[in-house]
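**Student:** just coords:
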Ligand SMILES: Nc1nc2c(ncn2[C@@H]2O[C@H](COP(=O)(O)OP(=O)(O)OP(=O)(O)O)[C@@H](O)[C@H]2O)c(=O)[nH]1
Ligand SMILES: [Mg+2]
């Protein structure tokens, strides 16, 4: 069963496929494919080619149209002739069982979609028992409705082993169905075991959390790769893993942070991404409980990313899905050191585009939009970190007084210690 999950040697080559539709123009599609390429890179694959097609919506049988699929196949064959093997084709949207099966039949290479690619990265990143269990459950959730594909795969391998009963498919149908049922049962059993395990971990975590004492809890949330862990390290003097790849963080880390003499708990959480199936989010329930139970959310944004505004929307939508819309929160615009803009010539009368907005103009716009409830920093260059500490102090103090009115929370002297 395990080899159904894709994780092969490094430096495989990948071809990306995306659609241009009425709701997703060409620029958007290219941005999504940029992100998909970054995901592929994170998983260890090199992108060699992109295909896009202008359509009304995905084709229910093959995602792209027949002509485009032929074009992709021709490309793969030509590359193979030239001894450049194509390792996989990755589709930007989640494929149905039927689409997967048909595309695989046509292209005869490994087919992934955005979801299975993300799952693959998650599997690679998972460190703790909790994360591993969550990922495995998510993988089975993805696999279960696509089991038939596994069957097709077996059928092809078996190549008419169905005891000479004319056309292979007829003779194979019996054992095939049995196999399918068996696989399904094994998977369902495994899933219920994993769910039990998660429930157990959940109970332990809840106890752990209730033992954490009376401290305000702050959670860093945001799109993947925006600098949450870097900021965590800066504020808590811890050494959480941070790198320029997607989903560097999968496990939640909680640290005690003290600003002046005010202690609180800060947690670093898994990043969000667009087109993340809700099923997958569901598997991360216990990880995301940290977000659900936080008193304050620090929404970290990568201001230097061309799509940061859409990323904000994705994060806000995900928070809403988690039932966290009403929580006190603040936007922390990070990476201001990397923000780039093009100054317009004075005689250039074309309307200014987003690329022409200076950092200070952008800051003013967002300050106005958020009623000053945002701050601009660079975690890498350590710009305005003291400003952030001060704002955090005020907010946490206010929340603390509300939550624990009789708790004398100010410590004269504080011994630093870590909590897990
Ligand atoms: N230029 C610049 N880069 C930064 C800044 N803060 C973080 N980075 C870089 O951004 C990349 C991602 O940082 P992380 O802290 O791992 O981001 P994250 O949000 O924790 O990412 P995930 O855990 O993958 O969701 C790293 O290469 C950081 O060095 C900043 O202020 N400016
Ligand atoms: Mg991180």
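**Tutor:** Sure, I can see it. From a predicted model like this one, the values you see are computed outputs, not experimental measurements. Numbers count the residues shown, from 1 in each chain. Ligands and ions are numbered 1, 2, ... in the order given.

**Student:** how about the helices in this protein?
**Tutor:** For the chain, the helices defined by DSSP state H cover 26-43, 66-81, 97-107, 114-125, 129-143, 147-158, 168-210, 228-236, 278-283, 285-292, 308-321, 359-369, 385-403.

**Student:** Which of the ones you listed sits closest to ligand 2?
**Tutor:** Checking the helices of the chain against ligand 2 by Cβ to the ion gives helix 228-236 as the closest, at 3.3 Å. Glycine gets a C-beta too; all of them are placed from N, C-alpha and C.

**Student:** What lies in contact with the closest one?
**Tutor:** 220-222, 238-242, 248-249, 253, 255-257, 266, 268-269, 271, 298, 300, 332, 334, 377, 379-380, 382, 385, 388-389, 392 (Cβ atoms under 8 Å, 6 or more residues apart in numbering).

**Student:** which of the residues in stretch 107-120 are buried?
**Tutor:** Using 16 or more other Cβ atoms under 10 Å as the test for burial, stretch 107-120 gives 107, 109-120.

**Student:** for that stretch, the distance to its chain's centre please.
**Tutor:** 15 Å (Cα atoms, centre = their mean, to the nearest Å).

**Student:** Number of residues surrounding the residue nearest to residue 18 when sequence neighbours are not counted?
**Tutor:** Spatial nearest neighbour of residue 18, excluding adjacent residues (Cβ to Cβ, 6 or more residues apart in numbering): residue 92 at 4.1 Å. Neighbour count for residue 92, taken as other Cβ atoms under 10 Å: 23.

**Student:** Repeat that for residue 188.
**Tutor:** 12.

**Student:** Report the separation between the spatially closest residue to it that is not a sequence neighbour and residue 198.
**Tutor:** Nearest residue to residue 188 in three dimensions, chain neighbours excluded: residue 144, at 7.7 Å (Cβ to Cβ, 6+ apart). With distances taken as Cβ to Cβ, to the nearest Å, residue 144 is found 17 Å from residue 198.

**Student:** Next: residue 113.
**Tutor:** For residue 113, the distance to residue 198 - Cβ to Cβ - is 25 Å.

**Student:** again with residue 281
**Tutor:** Taking Cβ to Cβ, one finds residue 281 at 14 Å from residue 198.

**Student:** related to what we said a few turns ago, now, the contacts of helix 228-236 that are in strands?
**Tutor:** 220-222, 253, 255-257, 266, 268, 298, 300, 332, 334 (DSSP state E).

**Student:** Quick check, residue 341 in contact with residue 353.
**Tutor:** No. With contacts counted by Cβ atoms under 8 Å, residue 341 stays clear of residue 353, the gap being 10.1 Å.

**Student:** hey, what's the nearest residue to residue 95 once chain neighbours are set aside bridged with?
**Tutor:** Leaving aside its sequence neighbours, residue 95 sits nearest to residue 113 (Cβ to Cβ, 6+ apart; 4.5 Å). Taking DSSP bridges as the rule, residue 113 bridges to residue 91.

**Student:** who's in contact with residue 113?
**Tutor:** Residue 113 touches 90-95, 100, counting by Cβ under 8 Å, 6+ apart.

**Student:** What ranges in the stretch 151-300 of the chain fall below the confidence cut-off?
**Tutor:** 151-179, 211-212, 238-241, 278-279, 286 (pLDDT under 70).

**Student:** for ligand 2, what are the nearby residues on it?
**Tutor:** 228-229, 248-249 (Cβ under 5 Å from the ion).
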